[in-house]
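**Q** got a structure for you, letters missing:
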């Protein structure tokens, strides 16, 4: 059964398994103790730290291990802002950062910098957001949902010139290589590269003011309290070294498979949008969204066909809100699928995925009552009319993708220049109706106030 969701968690690497089992026998003691078992554990911990530091591109004494990548990010943000409290409590984040960063930033005076439609940050926009009281800027090296690489090197240079430390969330990219120079603080998570879950790493460059906010602890330079899970730490470091050894070869191979998906999916499935940057991206990850498709139903149907994938659709979230990443990019959120290939994925697995995808999407669309031929649903245009000749579609209380499906079904009832107003209280409609208009060459006139929900006005162009 192909597992295509390594962006969430990569399968345990064979080297990690071997290292974990060996460390369970040799690394169970407290590495702070001076007796034989403690000294042996300390040697294992020091070796793991040196291995991880080499992969990150920092000194061993700049790196500590944490209980998770989320803890590393929270500790980084809290530690740097506490260390620079005399500067101020202003932080700058990109709109597509991991939720761990965005939630932590809510405790501060935060400025959010937008991204373009590919999910890429403009270094100039981030530089413009920096202020004299900025304590920290946060930029991920690569996006976890769409794979877009961020210009970390350019951002780092601008932050250095402004005297602002830069935190880089490198969880998604560390398996493929070190982050561009110039960062001040870096965080990663072992389960993203084939290490065991429950291990994060935090690197703080010398000269970066950092004040841990938790009670004093003598372990891990005081930056991560508590007894380290030494066997898991050893396995994490060993697996990082192992995946890096094959990174160049696997990146080239998987990137070719991702290119195949990016090229073939729009041809095989009508009304599909591939999102993320086409070239500045992770080698193993591709994301696309399908009109008239319920994301949860699509995930379930693909699972029954033997494919494990992920989604940023609001239908797959307990909050019923669209992915903040897709929202920031302004792209279609319904029917969203993220494919992230593990090392060793074969072309045959990808071909089989491409073989079942069209029928799975068609099945979900038919179940939801989508237009039978989405690409030609609008039909021939009646005579032109003014905007006053409008039609109202009441989709209140209906979730994605029903509002867009109902819009598609009635757009041919109005003449060119006529309007359709869709009433919806689903937050995803604010993304998906404009995206539908762009994909179907119709004019989106914007939202309007309504007694309930929001009125989205569309004018027929063709």
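**A** Noted; the coordinates are in hand. Source: prediction; values computed, not measured. Numbers count the residues shown, from 1 in each chain.
**Q** where do the strands sit along the stretch 201-350 of the chain?
**A** 272-275, 285-290, 336-340 (DSSP state E, counting those that start in this stretch).
**Q** quick one: closest of the ones you listed to residue 416.
**A** Residue 416 lies closest to strand 272-275 among the strands of the stretch 201-350 of the chain, at 24.5 Å (CB to CB). Where C-beta positions appear, they are placed from N, C-alpha and C, glycine not excepted.
**Q** which elements pack onto that closest one?
**A** Under the contact definition 3 or more CB pairs under 8 Å, 6 or more residues apart in numbering; DSSP states H and E, strand 272-275 sits against helix 247-268, strand 285-290.
**Q** please identify the most buried of the ones you listed.
**A** Of these, the one with the most neighbours on average (mean count of other CB atoms under 10 Å) is strand 285-290, at a mean of 27.
**Q** that one - what's its average pLDDT?
**A** What strand 285-290 shows for mean pLDDT is 95.
**Q** same question for stretch 329-344.
**A** 92.
**Q** and for stretch 77-91?
**A** Averaging pLDDT along stretch 77-91 yields 96.
**Q** what of stretch 192-211?
**A** 96.
**Q** pull out the buried positions in it.
**A** Of all the residues in stretch 192-211, those buried under the rule 16 or more other CB atoms under 10 Å are 192-205, 208-210.
**Q** swap in stretch 216-229?
**A** Within stretch 216-229, the residues scored as buried using 16+ other CB under 10 Å are 219-220, 222-225, 228-229.
**Q** I'd like the residues you listed as a markdown table, with pLDDT and distance to residue 439 appended.
**A** Shown next, in a markdown table, are the buried residues of stretch 216-229 (pLDDT from 0 to 100; distance: CB to CB, whole Å):
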| residue | pLDDT | distance to residue 439 |
| --- | --- | --- |
| 219 | 75 | 54 |
| 220 | 72 | 50 |
| 222 | 72 | 53 |
| 223 | 78 | 48 |
| 224 | 79 | 47 |
| 225 | 77 | 50 |
| 228 | 86 | 50 |
| 229 | 93 | 48 |
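**Q** among the helices and strands packed on strand 272-275, which comes closest to residue 179?
**A** helix 247-268 (13.5 Å).
**Q** okay, the angle between that closest one and strand 336-340?
**A** Between helix 247-268 and strand 336-340, the angle comes out at 150 degrees (axes from the mean of the first three to the mean of the last three CA atoms, to 10 degrees).
**Q** hmm, who's touching helix 247-268?
**A** With contact meaning CB atoms under 8 Å, 6 or more residues apart in numbering, helix 247-268 is reached by 175-177, 243, 272-274, 278, 281, 283-286, 288, 339, 341, 343, 345, 347, 350, 353-354, 357-358.
**Q** closest one to residue 84 among the strands of the stretch 201-350 of the chain?
**A** With CB to CB as the criterion, residue 84 lies closest to strand 285-290 of the strands of the stretch 201-350 of the chain, at 33.8 Å.
**Q** given the closest one, what are its sheet partners and their directions?
**A** Looking at strand 285-290 with DSSP bridges, its partner strands are strand 272-275 (antiparallel), strand 336-340 (antiparallel).
**Q** please, a PyMOL command that selects the buried ones among the contacts of helix 247-268?
**A** To isolate the buried ones among those in PyMOL, judged by 16+ other CB under 10 Å, type:
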select buried, resi 175+176+243+272+273+274+281+283+284+285+286+288+339+341+343+345+350+353+354+357+358
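**Q** how about the helices in this protein?
**A** 14-26, 36-56, 69-83, 99-105, 123-129, 152-162, 230-245, 247-268, 295-304, 324-329, 347-368, 402-410, 429-439 (DSSP state H).
**Q** now tabulate these in TSV and tack on distance to residue 454.
**A** Converted to TSV, the helices of the chain look like this (distance: least, CB to CB, whole Å):
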stretch	distance to residue 454
helix 14-26	48
helix 36-56	46
helix 69-83	34
helix 99-105	24
helix 123-129	28
helix 152-162	35
helix 230-245	46
helix 247-268	30
helix 295-304	21
helix 324-329	15
helix 347-368	22
helix 402-410	10
helix 429-439	7
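**Q** for residue 446, find the nearest of these.
**A** The nearest among those, by CB to CB, is helix 429-439 at 8.5 Å.
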